[in-house]
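Novice: Below is the structure, and that's it, no one-letter string:
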């Protein structure tokens, strides 16, 4: 045997010889071992998503068997590359029942009647069928909403098993027929753990949570196997949690007997497992009850990665990063989700130093990691930091996705860098199909950078995919660059499409009215907020209306509006009034506004200087001197080149 091995000199033969020399035994032929090892390698490569390598290895094989062909077909079917799978299937020198079943499962897993028909065509051509063949077709019909055909196949099959029944029950649930799903479940001659769990989860998906609970109670009352109950209980607990019925979830959790980490406790077959604990903890985390979640977490005899990540996520959601960090440090083996969650949490509280530290220490990064850091920098206005991470991301070969590009577009808008924004737009065009968030980011970027024509072009191309953010971005772009008429036209168009404005919409529209001198229109739009859309005006909206009225000489009315505000006016409100009072030379109004600003910002010299200059302009030197004395008494220093108009409202 060894002499035969050493005689092989070809490249393929050398690979084959290496395998044979390691695995030859008196009980196996060399050929069998050769095929076994190659088939094993092909399967492993395919399972790890390395299909091209698996196919290259397959093509190198001097001899193949049905298992070899099936391994490659299975890989293509799993990736939904049906055309490639079918080509191999048609080329097979010999097929077995597995080959046929693989191709049928590939066709029925693809949504669409054409694929389903081709799957049925293969099924009808099969030399022989087994129960897998029948179950695959039944599931295919059910998943595609063809329950009549599924039932016809179910009744035609020689003998069904629990998988067949489960497929029918699941099919009815997927198609919203709850009554027939329950009917067939109750008719099942035997059930497994998947039967009850599939019914319960299907009922919950159909909004029948209480019916799901009744099914579990009946199953238990009628003597159903206890080992089949646990998965259903866990599913039901999760269902209660999703609907914020946490007390009922806990009651159900408490009904499951306690088991220690060695499986002792309960009745040996029905006891809490790690999924039960994790699910209940998730319920508390979702409800924001971090205290009860931690109480359960501390009681767990055995924890898995999900347990730790759920608890860490709970603290991150509460922005308690100290406790999240303590748990993260205690966690035996943090996975990439753990690292990403910690990065996102520290970014939320603005701790970019910690974000950078964690990111640098990560054992491995994925796209979510890069996006979390870029978004963190962008949300905290560290635009240069975001750009540096984006450049590093490209250098390290990680390809950006829509989230990445959307964040970098926001960075471009933040630093008003049209050149950078246009480069990212080119990258968008080359790498992704723009979705609504990407288009919104593009409109915002071009609008803020003053490229209104480009923003309008994208806005018009979006057509029916516009959402309120798209409209706000376009209205804001027009308003901030002096295109008041266009901003108001888009606002009218927005309402005609029944898109509900937000408080941001009204800030932009009122801003446009101020620039266009549309006092009455501005007042009407302000009043429509509460009357027509149920939006209570905020201090920003009042500031905008005060600005509209003040700019056009209605200072007394503006002062009345300020006095009628349901909350304390801020510096933007008084600043708008003071600026307009100076323009219209209304000294008394200016004095009222300046005094209010001095109370709000006692260390600012701006209101003193502006009021002093007004008194000086009209020759009221005694009043001007009083203002200077007030400044000196309060130890206020005049700020060089300070303009109240530039700093207060805009």
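Specialist: Yep, that arrived. If you're wondering where the values come from, they're calculated on a predicted model, not measured in any experiment. Residues are numbered from 1 along each chain as shown.

Novice: quick one: low-confidence parts of the protein?
Specialist: Counting by pLDDT under 70, the ranges of the chain that qualify are 1-31, 34, 224-227, 259-270, 637-650.

Novice: Just want the most central residue of it.
Specialist: residue 403 (9.4 Å; Cα atoms, centre = their mean).

Novice: what's next to the helix or strand that contains residue 457, contact-wise?
Specialist: Of the helices and strands defined by DSSP states H and E, residue 457 is found in helix 452-462. Outside helix 452-462, the residues within contact range by Cβ atoms under 8 Å, 6 or more residues apart in numbering are 436, 439, 442-444, 446-447, 466, 470, 473-474, 477-478, 481, 483. All C-beta atoms are positioned from the backbone trio N, CA, C, and that covers glycine.

Novice: Quick check: what element follows it along the chain?
Specialist: Beyond helix 452-462 toward the C-terminal end (DSSP H and E), the next one is helix 468-480.

Novice: just the angle between that following helix and helix 452-462, please?
Specialist: Interaxial angle, helix 468-480 versus helix 452-462 (axes from the mean of the first three to the mean of the last three Cα atoms, to 10 degrees): 160 degrees.

Novice: Give me the contacts around helix 468-480.
Specialist: Counting contacts by Cβ under 8 Å, 6+ apart, the residues outside helix 468-480 that touch it are 436, 439-440, 443-444, 446-448, 452, 455-456, 459, 462, 483-484, 486-487, 490-491, 494, 499-502, 504-505, 508-509, 511-512, 515.

Novice: Please spell out the PyMOL selection for the buried subset of those residues.
Specialist: To isolate the buried members of those in PyMOL, using 16 or more other Cβ atoms under 10 Å:
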select buried, resi 439+440+443+444+446+447+448+452+455+456+459+462+483+484+486+487+490+491+494+499+501+504+505+508+509+511+512+515
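
Novice: now, which of the contacts of helix 468-480 lie within helices?
Specialist: With helices identified by DSSP state H, the entries of these that belong to them are 436, 439-440, 443-444, 446-448, 452, 455-456, 459, 462, 484, 486-487, 490-491, 494, 504-505, 508-509, 511-512, 515.

Novice: Just the element for the residue nearest to the centre of the chain, please.
Specialist: Under the assignment here (DSSP H and E), residue 403 is part of helix 402-414.

Novice: ok, and for the following helix or strand past that helix, which residues are buried?
Specialist: Per DSSP H and E, the first helix or strand lying C-terminal to helix 402-414 is helix 418-431. Judged by neighbour count using 16+ other Cβ under 10 Å, the buried positions of helix 418-431 are 418, 420-422, 424-425, 427-428.

Novice: any chance of these in a markdown table, with distance to residue 283 too?
Specialist: Output for the buried residues of helix 418-431, formatted as a markdown table (distance: Cβ to Cβ, whole Å):
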| residue | distance to residue 283 |
| --- | --- |
| 418 | 48 |
| 420 | 45 |
| 421 | 44 |
| 422 | 48 |
| 424 | 41 |
| 425 | 44 |
| 427 | 42 |
| 428 | 40 |
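
Novice: Among those residues, which one lies nearest to residue 631?
Specialist: For the buried residues of helix 418-431, the minimum distance to residue 631 (Cβ to Cβ) is 42.6 Å, reached by residue 418.

Novice: how much space is there between the nearest residue to the closest one once chain neighbours are set aside and residue 412?
Specialist: Distances taken as Cβ to Cβ, 6 or more residues apart in numbering put residue 449 closest to residue 418, at 4.0 Å, once the chain neighbours are dropped. For residue 449, the distance to residue 412 under the criterion Cβ to Cβ, to the nearest Å works out to 7 Å.

Novice: go on, residue 140?
Specialist: Applying Cβ to Cβ, the value for residue 140 to residue 412 is 48 Å.

Novice: again, but for residue 472
Specialist: In terms of Cβ to Cβ, residue 472 sits 18 Å off from residue 412.

Novice: Next: residue 398.
Specialist: With distances taken as Cβ to Cβ, residue 398 is found 20 Å from residue 412.

Novice: Looking at the two, which one has more neighbours?
Specialist: More neighbours surround residue 412 than the other of residue 398 and residue 412, with 28 against 16 (other Cβ atoms under 10 Å).

Novice: who's in contact with stretch 190-207?
Specialist: Where contact means Cβ under 8 Å, 6+ apart, the residues beyond stretch 190-207 that reach it are 162, 165-166, 169-170, 173-174, 176, 178, 181-182, 185, 188, 209, 211-212, 215-216, 219, 224-225, 227-232, 235-236, 239, 242.

Novice: quick one: which of these sit in helices?
Specialist: Within these, membership in helices is found for 162, 165-166, 169-170, 173-174, 178, 181-182, 185, 209, 211-212, 215-216, 219, 229-232, 235-236, 239, 242, as judged by DSSP H.

Novice: So among these, which ones count as buried?
Specialist: Using 16+ other Cβ under 10 Å as the threshold, 165-166, 169-170, 173-174, 178, 181-182, 185, 209, 211-212, 215-216, 219, 229-232, 235-236, 239 are the buried ones among the ones in helices among the contacts of stretch 190-207.

Novice: For residue 68, pull up the helix or strand it's in.
Specialist: helix 66-78.

Novice: residues of stretch 360-374 that come out buried?
Specialist: For stretch 360-374, burial by neighbour count (16+ other Cβ under 10 Å) applies to 362, 365, 368-374.

Novice: Over to stretch 40-60?
Specialist: With the criterion 16+ other Cβ under 10 Å, stretch 40-60 contains buried residues 41-43, 45-46, 51, 54-55, 57-58.

Novice: and those residues as CSV, adding distance to residue 384?
Specialist: Listed next are the buried residues of stretch 40-60 as CSV, based on distance: Cβ to Cβ, whole Å:
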residue, distance to residue 384
41, 48
42, 49
43, 49
45, 43
46, 45
51, 41
54, 45
55, 46
57, 48
58, 50
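
Novice: Mind putting those residues into TSV with secondary structure?
Specialist: Formatted as TSV, the buried residues of stretch 40-60 follow (DSSP: H, G, I helix; E, B strand; the rest coil):
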residue	secondary structure
41	helix
42	helix
43	helix
45	helix
46	helix
51	helix
54	helix
55	helix
57	helix
58	helix
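
Novice: tell me the secondary structure for residue 568?
Specialist: Look at residue 568: counting by three-state DSSP, its state is coil.

Novice: What residues sit buried inside the particular helix or strand that has residue 200 in it?
Specialist: For residue 200, the element it lies in under DSSP H and E is helix 193-205. Under the neighbour-count criterion of 16+ other Cβ under 10 Å, helix 193-205 has 195-204 buried.

Novice: before we move on, the earlier item: from the contacts of helix 452-462, pick the one nearest residue 125.
Specialist: residue 436 (45.4 Å).

Novice: distance of the residue nearest to that closest one when sequence neighbours are not counted from residue 430?
Specialist: Across the structure, with Cβ to Cβ, 6+ apart as the measure, the residue nearest residue 436 apart from its sequence neighbours is residue 465 (5.4 Å). Taking Cβ to Cβ as the criterion, residue 465 is separated from residue 430 by 21 Å.

Novice: How about residue 579?
Specialist: As defined by Cβ to Cβ, residue 579 lies at a distance of 47 Å from residue 430.

Novice: what's the answer for residue 395, then?
Specialist: 18 Å.

Novice: And residue 519, by the same measure?
Specialist: Distance from residue 519 to residue 430, counting by Cβ to Cβ: 48 Å.

Novice: Near residue 496, how many other residues are there?
Specialist: Here the number of neighbours of residue 496 (other Cβ under 10 Å) works out to 8.

Novice: start the count at 28, not 1, going forward
Specialist: Noted, 28 is the first residue going forward, which turns the last one into residue 523.

Novice: which ones are touching the closest residue to residue 361 other than its chain neighbours?
Specialist: Excluding its sequence neighbours, the residue lying closest to residue 361 (Cβ to Cβ, 6+ apart) is residue 355, at 6.3 Å. The neighbourhood of residue 355, defined by Cβ under 8 Å, 6+ apart, consists of 339, 361, 365, 369.
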